[in-house]
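Colleague: next come a sequence and a model predicted from it.
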Amino acid sequence: MDETELTICRQAYATQMLAKMGIVDDERLRQAFATVPREDFLDPPPWRMASGTGYQDMPSTDPVILYQDVLIALQEGKQVNNGSPSLHALGLHWLAPQPGETACHIGAGGGYYTAMLSHLVGSGGHVAAIEYDRDLAARAVANLAPYGNVEVVCGNGLEWPQSPTDAIYVNFAVHKPAETWIDNLAIGGRLILPLSAPSRDGNDNLRPRSARGGFFLIQHTPEHYRARYLSPTVFVWGHGASGTIETYRVLESAFRQGGMGKVTRLRWKEPKQEDEWYSEEDWGLL
């Protein structure tokens with residue numbers, strides 16, 4: 001396929017990914033999806049696509065096949081993928097990065113969605129892309145070299161950002177927000193994180209992926225932290241995100257019982273309140 005046809009394909013893909021999630025009137029995000037070449041952030045073909053039974057080769061080496069709502073392997077053995085475009089359309093829409101803002105992409109992988117953040121904050125903004133895995137971080141450095149407003153850091157995403165930041169986008173599952181994410185969220189800033197317990201086998205050994213959880217939006221207002229449940233998610237489990245089996249079970253129970261759609265606030269380093277949807281000593285959702 002020539003570049004003109006591929007451009008048309010990307011435009012259709014961008015429209016479809018936003019429409020699938022009910023997103024209207026977000027032209028800047030649509031343009032980001034239509035502009036960033038997904039193939040630039042993957043291994044050479046044949047590409048491997050996640051399926052219900054594992055991974056399989058995609059049936060073509062034409063880049064056009066990448067512009068659909070599928071998971072494509074970055075590190076198949078670790079179940080690390082270039083994630084669902086429609087889910088990330090939803091996350092980036094609610095994160096709402098604005099021109100000139102600072103953003104932090106935590107769990108950047110190969111950098112595909114980092115590149116979209118780069119477009120959204122523009123040349124006057126800055127994106128810090130944090131990736132724990134050295135091989136993925138090296139790939140992200142190479143992939144994102146054309147994006148002059150992006151800095152890639154190989155490091156622990158639980159320790160970033162290290163200064164006040166407007167938009168924080170977390171792309172691995174955790175059972176609680178990291179202190180740095182909340183404490184360094186600027187007034188007016190937005191954080192999106194996948195909240196979940198880790199998936200476990202019958203002996204409570206952790207698996208690479210999370211159990212069923214959800215995307216939450218946290219907004220830092222001058223008075224408090226607003227919170228909103230956005231959608232169900234399954235992500236790779238975060239390195240260093242360690243809790244107790246009992247805590248994991250309580251969180252799983254909260255998701256099974258439902259009600260997360262009624263969450264409106266994050267309690268952070270304050271006394272517990274009645275009727276919290278999920279509650280720990282130093283934080284909760286209500």
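Modeller: Happy to help now that I have it. Quick caveat, the model's predicted, so the values are computed rather than measured. Residues are numbered from 1 along each chain as shown.
Colleague: what stretches of the stretch 51-200 of the chain score poorly on pLDDT?
Modeller: For the stretch 51-200 of the chain, no stretch is flagged by pLDDT under 70.
Colleague: what are the ranges of the helices in it?
Modeller: In the stretch 51-200 of the chain, the helices defined using DSSP state H, counting those that start in this stretch lie at 85-95, 112-121, 134-143, 179-183.
Colleague: how distant is stretch 246-263 from the center of its chain?
Modeller: Using C-alpha atoms, centre = their mean, to the nearest Å, the mean C-alpha position of stretch 246-263 is found 20 Å from that of the whole chain.
Colleague: actually stretch 210-225, sorry about that
Modeller: Put simply, stretch 210-225 sits 13 Å off its chain's centre (C-alpha atoms, centre = their mean).
Colleague: what does stretch 224-244 give?
Modeller: Distance, stretch centre to chain centre, for stretch 224-244: 10 Å (C-alpha atoms, centre = their mean).
Colleague: got the buried residues for that stretch?
Modeller: By neighbour count on 16 or more other C-beta atoms under 10 Å, the buried set for stretch 224-244 is Y225, A227, R228, Y229, L230, T233, V234, F235, V236, W237, G238, A241. C-beta coordinates here come from the backbone N, C-alpha and C atoms, glycine included.
Colleague: doesn't the second one lie inside a strand?
Modeller: Going back to what we said before, that points to A227. Yes: counting by DSSP: H, G, I helix; E, B strand; the rest coil, A227 is located in a strand.
Colleague: before we move on, the earlier item: and which of the buried residues of stretch 224-244 is nearest S253?
Modeller: Within the buried residues of stretch 224-244, proximity to S253 (C-beta to C-beta) peaks at Y229, which comes in at 16.0 Å.
Colleague: kindly state the pLDDT recorded for M1?
Modeller: Per-residue pLDDT puts M1 at 61.
Colleague: also the one 5 residues further on?
Modeller: According to the per-residue confidence, L6 scores 93 in pLDDT.
Colleague: do the same with T15
Modeller: At T15 the predicted local confidence, pLDDT, stands at 98.
Colleague: just say helix, strand or coil for it.
Modeller: Classification of T15 using three-state DSSP returns helix.
Colleague: dump the residue contacts of it.
Modeller: Contacts for T15 (C-beta atoms under 8 Å, 6 or more residues apart in numbering) come out as R30.
Colleague: kindly report the same for D282.
Modeller: With contact taken as C-beta under 8 Å, 6+ apart, D282 is in contact with W268, K269.
Colleague: try L92
Modeller: L29, A32, Y113, M116, L117, L120, Y169.
Colleague: is it possible to export those residues to a markdown table including neighbour count and distance to R38?
Modeller: Formatted as a markdown table, the contacts of L92 follow (neighbours: other C-beta atoms under 10 Å; distance: C-beta to C-beta, whole Å):
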| residue | neighbour count | distance to R38 |
| --- | --- | --- |
| L29 | 23 | 15 |
| A32 | 21 | 12 |
| Y113 | 26 | 10 |
| M116 | 24 | 10 |
| L117 | 29 | 15 |
| L120 | 22 | 17 |
| Y169 | 26 | 18 |
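Colleague: let me have those in CSV, extended by distance to N143.
Modeller: Below are the contacts of L92 laid out as CSV (distance: C-beta to C-beta, whole Å):
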residue, distance to N143
L29, 20
A32, 16
Y113, 11
M116, 13
L117, 13
L120, 17
Y169, 17
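Colleague: Q162: which of those is nearest?
Modeller: Nearest to Q162 among the contacts of L92, with distances taken as C-beta to C-beta, is Y169, at 16.0 Å.
Colleague: pretty sure T247 sits in a helix.
Modeller: Yes: T247 forms part of a helix when assessed by three-state DSSP.
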